[in-house]
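Undergrad: quick one: sequence plus predicted model below, questions after.
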Amino acid sequence: MHISQQLPPPPMASISSPISISPKLPIFPKYSPLFPSPLSFPTKSRKLRVFCCLALDHQQNCSANVEPSADLRVVFASGGTGGHIYPAVAIADEIKIINPNAQILFLGTSHGMESTAVPSAGYDFDSIPAVPLARPIFSPQNVLLPYRLIKSMVQCYRRLRDFDPDIVVGTGGYVSFPVCLAAALKGLKLVIQEQNSVPGIANWVLSWFAGQVFVAFNSSIDYFPKHKCIVSGNPVRLSVRRYVSKAAARLHFFPSYVNSGNLEAKVVLVLGGSLGANAINIAMLNLYYQMLLEHKNLFIIWQTGVEAFDEMESLVKNHPHLVLSPFLHNMDLAYAAADLVVSRAGAMTCTEILATGKPSILIPSPNVAEGHQFKNAILMADLAGSRVITEDELDSTTLRIAIEEILDDPSLMADMCERALKVAKPHASAEIAHHIISLAKMSRAKK
């Protein structure tokens, strides 16, 4: 077994017809076992020249001829989890590619994952007070919510006044809520991006104030004002979209792996999120060694999560075909090496599975608010043929059968791969970036 020594970060399209109808309030699942209940920048005169094509099907159809502006200013309201942070970073990366002189500021909490992930991505970060919403909504913990929200919005308003952005981009979660509300009150252009198939409360409310809503799936349009929606897909990090050969990726994880044209080798990538998934780890612990003994050409890359790594490392036996890691930094290599992904069903993980065209077994977390992961997994099953195993159904036998059924059927794997790539939107971040720049131009023209 090879133990990765990398240290993880701290825990941390088309436009619908312009008919305005009231959006549906998200219908959240009933209780069941599956769903337990001041950074300052100088102000200068600014010029922005943009030509943007609004064709949305592919990146080549909306490749805007954009002249870099010396002073395009964008604020991202993002934080809480990687599912909210990484889409924002992906969009910011594309904006910087189009306009290297753009000024970008991220706002988030000082103790959240964003406080380290954003600076490490090369962007300015400023902190605001957190205003978390406890579940259920009528919990006693939310008694002081209005006071905390107003206090946070005042500070957000000051940050926005100092930075003077042309546009504010919210990517969901409680971190984005006070920033986006303050932006709306200040009269700034606001857009939001929703990663999940069914929106969270924050983005649903903010959609009433936003000028445009970028959604990942066609089904998401029903929950927002339809005339504001653009089905762009979820932004995918540049690093994940980078092409890496399967042979090179496998050599990275298995240095002793000899690339001798052995087409029988199969690699399973197991992901439980940055903090890990206890149920997946337990199931893997009870099946990995026997499977490796019985399948000589099987290799496993297993991300245990930060919190579970020490315990798993003490229990897992050494094996040359096994890589055990608390966190995988090189996800482009991990996806390139894999034939099958076993994972939670977070929106961004699902998006990366589609973009890389990988067959998948999804085990949605029952502890995520509003049951997002279960709905994401069901949608993935419909779109890409992903196998879905709930935690109530999960054990080592069930997981092993699912893994072997897919790996032993080349035609099934090819079909799952083809279906995933067919519905993937790998150019979503570029498409969204072009729209943001176009909207910033209109905002500037009104000043």
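TA: Sure thing, it's come through.
Undergrad: how many other residues sit next to the closest residue to S245 other than its chain neighbours?
TA: Among residues not flanking S245 along the chain, A336 sits closest, at 7.0 Å (Cβ to Cβ, 6 or more residues apart in numbering). No exception for glycine: its C-beta is placed from N, CA and C like everyone else's. Neighbours of A336 under the rule other Cβ atoms under 10 Å: 23.
Undergrad: and the gap between A336 and N330?
TA: 9 Å (Cβ to Cβ, to the nearest Å).
Undergrad: which residues touch the spatially closest residue to A337 that is not a sequence neighbour?
TA: Taking Cβ to Cβ, 6+ apart, and ignoring the residues beside it in sequence, A337 has A249 as its nearest neighbour in space, at 3.8 Å. When contacts are counted by Cβ atoms under 8 Å, 6 or more residues apart in numbering, A249 touches 332-334, 336-337.
Undergrad: confirm the residue nearest to S245 sits in a helix?
TA: Yes: counting by DSSP: H, G, I helix; E, B strand; the rest coil, one finds A336 located in a helix.
Undergrad: skip the chain neighbours and tell me the closest residue to the most centrally placed residue in the chain.
TA: The centre of the chain sits closest to M348, judged by Cα atoms, centre = their mean, with a distance of 2.9 Å. Nearest residue to M348, sequence neighbours excluded (Cβ to Cβ, 6+ apart): G83, at 4.8 Å.
Undergrad: roughly how far apart are that neighbour and Q193?
TA: Distance from G83 to Q193, by Cβ to Cβ: 11 Å.
Undergrad: next up, the contacts around the residue nearest to S219 when sequence neighbours are not counted.
TA: Closest residue to S219 apart from its sequence neighbours, by Cβ to Cβ, 6+ apart: S197 at 5.8 Å. S197 makes contact with 216-217, 219-220, 347, 372, 375-376, 379, according to Cβ under 8 Å, 6+ apart.
Undergrad: just the buried ones from those?
TA: Using 16 or more other Cβ atoms under 10 Å as the burial test, the contacts of S197 include 216-217, 220, 347, 372, 375-376, 379 as buried.
Undergrad: can you count the residues close to I201?
TA: So I201, with other Cβ under 10 Å, has 18 neighbours.
Undergrad: that one and A134 touch, don't they?
TA: No: applying Cβ atoms under 8 Å, one finds I201 not in contact with A134, separated by 11.9 Å.
Undergrad: in a strand, E418, correct?
TA: No: assessed with three-state DSSP, E418 is helix; it does not lie in a strand.
Undergrad: same for the helix or strand containing M348, what does it pack against?
TA: Using DSSP states H and E, M348 sits within helix 347-356. On a contact count with 3 or more Cβ pairs under 8 Å, 6 or more residues apart in numbering; DSSP states H and E, helix 347-356 meets helix 82-98, helix 238-241, helix 331-337, strand 340-343, helix 372-384, helix 410-423.
Undergrad: strands paired with the helix or strand that comes right after it, and their directions?
TA: Downstream of helix 347-356, the first helix or strand assigned by DSSP H and E is strand 360-362. Strand 360-362 pairs in its sheet with strand 340-343 (parallel), strand 387-388 (parallel), by DSSP bridges.
Undergrad: which of those strands sits most buried?
TA: Mean neighbour count (mean count of other Cβ atoms under 10 Å) peaks for strand 340-343 among the strands paired with strand 360-362, with a mean of 24.
Undergrad: distance from that strand to the middle of the chain?
TA: 16 Å (Cα atoms, centre = their mean, to the nearest Å).
Undergrad: could the C-alpha coordinates of that strand be exported in PDB?
TA: In PDB, the C-alpha atoms belonging to strand 340-343 read as follows (Å, rounded to 0.1, in the frame of the first residue of the first chain):
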ATOM      1  CA  LEU A 340     -15.000   3.500 -12.000                       C
ATOM      2  CA  VAL A 341     -15.800   6.100  -9.300                       C
ATOM      3  CA  VAL A 342     -17.400   5.300  -6.000                       C
ATOM      4  CA  SER A 343     -18.500   8.500  -4.300                       C
END
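Undergrad: list the contacts of that strand.
TA: 266-272, 280, 284, 335, 349, 353, 358-363, 399, 403, 406-407, 413.
Undergrad: need phi/psi at the closest residue to L333 other than its chain neighbours.
TA: Closest residue in space to L333, ignoring its immediate chain neighbours: A249 at 4.5 Å, by Cβ to Cβ, 6+ apart. Here is the backbone geometry of A249 (degrees, to the nearest 10): phi -60, psi -40.
Undergrad: in this structure, which spans are strands?
TA: 2-3, 73-77, 103-108, 124-127, 167-170, 189-194, 212-215, 229-231, 266-271, 298-303, 322-325, 340-343, 360-362, 387-388 (DSSP state E).
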